[in-house]
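Trainee: model this:
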Amino acid sequence: MSMSKTTNTYNRQNWEDSEFPILCQTCLGDNPYVRMIKEKYGKECKICSRPFTIFRWCPGARMRFKKTEVCQTCARLKNVCQTCLLDLEYGLPIQVRDAALKIADQIPQSDVNKEYYIQNVDNEMANTDGTQAAGTVGKSLAPSEILSKLARTAPYYKRNRPHICSFWVKGECKRGEECPYRHDKPNEPDDPLSEQNIKDRYYGRNDPVAEKILKRAATLPSLETPEDKTITTLYVGNLHEDIIEPEVRDNFYQYGEIRTITLVPKQQCAFVQYTKRSSAEQAAEKTFGKLVMNGRKITIKWAHSQAKQNTIGKTDRRYELPAIPPPGTVIPKRTNPNDFFNLANEVTLMPPGMKMSQIPPNLIPQSTYQMYTQPTFSAPYAGGSLNMPSTSAEAVSYPSQDPARMGTSKK
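Mentor: Predicted coordinates:
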């Protein structure tokens, strides 16, 4: 049985040697003092089959050890991480990025043509600083709205969790909490996410993760513009508690003249009001689902109109009259006239501009209604006669209500 040998089997000059890997923040981990094991020419690249320097490290506590899978030339050719093969700028699969940017990078599939193509790429990158993408991807990288909406704004460390313990799945794991593997239910055999191929991910074809993200992109919500043309204010949510007004202004002044910026630190939001409606529409279109401030993806919405807020304020219960009872309804009297809680139920608040004479008699409390409907008598005084309500034994009498106190007398 003969084995096929390529030129890389004998040409050690094409083998790759590096001092530090090309990694994304998720694969590198949250530990700033991570220690790596470096092995020179320790493995072949899974794409070009060239021996390269591999790195192995642990991204954090209770995480699995990770290592580089492809060489740096193949990683820079697609601008991806050497471990997870996700785009370094957006953190998305290659298939999603190429579909959004409309990139068709045809890398040779045969061994000899692939080696020749890789050698030419190495010669092109020899004159660069090594931080830029090469090939068609490097020439096509540009800001994309759809990629900005789908991209993650923070590292997804959950991807570094240990693998599932096969003994626990069988019910035979006896380590318990000391087991370094994860005790979770595995994916179903029919789940497409359980069948992932590193070459399909690199070449951007038949990637189940990419297909899932593309389906989610088709159902992304959109910001509807309100019909009221007087609305020029945007609601800016999910802000940091310590954010200041200049930071908000720096992200919104480029779309037009700003009238006011109102910060609400307790609610972690702000209101940006523009002088023109066209400026507010442009700001909403450019920032919706794409604006990131202090590592947070900002929520953009249209604020409510001032007329609608005034309508809501006028529907307060203080301005609502109680329902009119049907005719013949007997209103019970208070048992304790000095009870504070019963007294509060008899207070009738009138809307502004309404007079007591305009209120129907059945809506006026009984004690108040009797005061205005009691029979009167004429009390003489220097200028004529004074009509005053008569007092009875049952009514509460105060010194100020006594007619004799003012010098009048009955004849």
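
Trainee: Quick one: mean pLDDT for the top helix by length along the chain?
Mentor: Assignment by DSSP state H gives helix 111-125 as the longest helix of the chain. For helix 111-125, mean pLDDT rounds to 78.

Trainee: Of all the residues in stretch 90-105, which ones are buried?
Mentor: Neighbour counts over stretch 90-105 (16 or more other CB atoms under 10 Å) mark 90-100, 103 as buried. For glycine as for every other residue, the C-beta is placed from the backbone atoms N, C-alpha and C.

Trainee: Let's have the residues you listed in TSV, adding pLDDT, secondary structure and distance to Ala210.
Mentor: Formatted as TSV, these follow (pLDDT from 0 to 100; DSSP: H, G, I helix; E, B strand; the rest coil; distance: CB to CB, whole Å):
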residue	pLDDT	secondary structure	distance to Ala210
Tyr90	86	coil	12
Gly91	89	coil	13
Leu92	90	coil	8
Pro93	92	coil	4
Ile94	90	helix	8
Gln95	89	helix	4
Val96	89	helix	5
Arg97	87	helix	9
Asp98	86	helix	9
Ala99	85	helix	8
Ala100	84	helix	11
Ile103	79	coil	13
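
Trainee: Tyr157: which of those residues is nearest?
Mentor: Closest approach to Tyr157 among the buried residues of stretch 90-105 (CB to CB): Gly91, at 12.3 Å.

Trainee: From the rest of the structure, what touches stretch 271-290?
Mentor: By CB atoms under 8 Å, 6 or more residues apart in numbering, the surrounding residues in contact with stretch 271-290 are 145, 148-149, 220, 222-223, 225, 229-236, 248, 251-252, 255-262, 264, 297-298, 300, 302-303.

Trainee: So which of those residues sit within helices?
Mentor: Counted as lying in helices by DSSP H, out of these, are 145, 148-149, 248, 251-252.

Trainee: Which ChimeraX command selects the buried ones in the residues you listed?
Mentor: Buried residues within the ones in helices among the contacts of stretch 271-290, by 16+ other CB under 10 Å, are selected in ChimeraX with:
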select :148,248,251,252
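
Trainee: Among the ones in helices among the contacts of stretch 271-290, which one lies nearest to Asp207?
Mentor: Taking CB to CB as the measure, Asp207 sits nearest to Lys149 out of the ones in helices among the contacts of stretch 271-290, at 19.2 Å.

Trainee: The nearest residue to that closest one once chain neighbours are set aside: neighbouring residues, count only.
Mentor: Nearest residue to Lys149, sequence neighbours excluded (CB to CB, 6 or more residues apart in numbering): Gly289, at 4.3 Å. By other CB atoms under 10 Å, 17 other residues sit near Gly289.

Trainee: what sits against Phe52?
Mentor: Counting by CB under 8 Å, 6+ apart, Phe52 touches 15-18, 41, 43-45, 68, 71-72.

Trainee: could you redo the last one with a cut-off of 7 Å?
Mentor: 15-16, 41, 45, 71 (CB atoms under 7 Å, 6 or more residues apart in numbering).

Trainee: got it, and Gln95?
Mentor: Applying CB under 7 Å, 6+ apart to Gln95 gives the contacts 204-205, 207, 210.

Trainee: Bridged to the closest residue to Arg97 other than its chain neighbours, which residues?
Mentor: Leaving aside its sequence neighbours, Arg97 sits nearest to Asp87 (CB to CB, 6+ apart; 5.0 Å). Here Asp87 sits in beta bridges with Val80, going by DSSP bridges.

Trainee: ends of stretch 38-50, how far apart?
Mentor: 17 Å (CA to CA, to the nearest Å).

Trainee: now what about it, what contacts it?
Mentor: By CB under 7 Å, 6+ apart, the surrounding residues in contact with stretch 38-50 are 6, 8, 14-17, 51-55, 69-71, 74, 114, 118, 198-199, 202.

Trainee: got it, and stretch 178-197?
Mentor: With contacts defined as CB under 7 Å, 6+ apart, stretch 178-197 is touched by 161-165, 168-169, 173, 208-209.

Trainee: Please apply the same query to stretch 292-304.
Mentor: Residues outside stretch 292-304 that contact it (CB under 7 Å, 6+ apart) are 153-154, 223, 226, 231, 233-240, 243, 247, 251, 271, 284, 287-288, 291.

Trainee: In CSV, could you pull the C-alpha coordinates for it?
Mentor: This file holds the C-alpha atoms of stretch 292-304, laid out as CSV (Å, rounded to 0.1, in the frame of the first residue of the first chain):
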residue,chain,number,x,y,z
VAL,A,292,-22.5,49.6,20.8
MET,A,293,-21.4,51.7,23.7
ASN,A,294,-19.2,50.6,26.5
GLY,A,295,-19.5,47.0,25.4
ARG,A,296,-23.3,47.0,25.4
LYS,A,297,-25.7,46.8,22.4
ILE,A,298,-27.9,49.9,22.6
THR,A,299,-31.7,49.7,22.3
ILE,A,300,-33.2,52.3,19.9
LYS,A,301,-36.9,53.2,19.9
TRP,A,302,-39.1,56.1,19.0
ALA,A,303,-40.4,58.1,21.9
HIS,A,304,-44.1,58.8,22.4
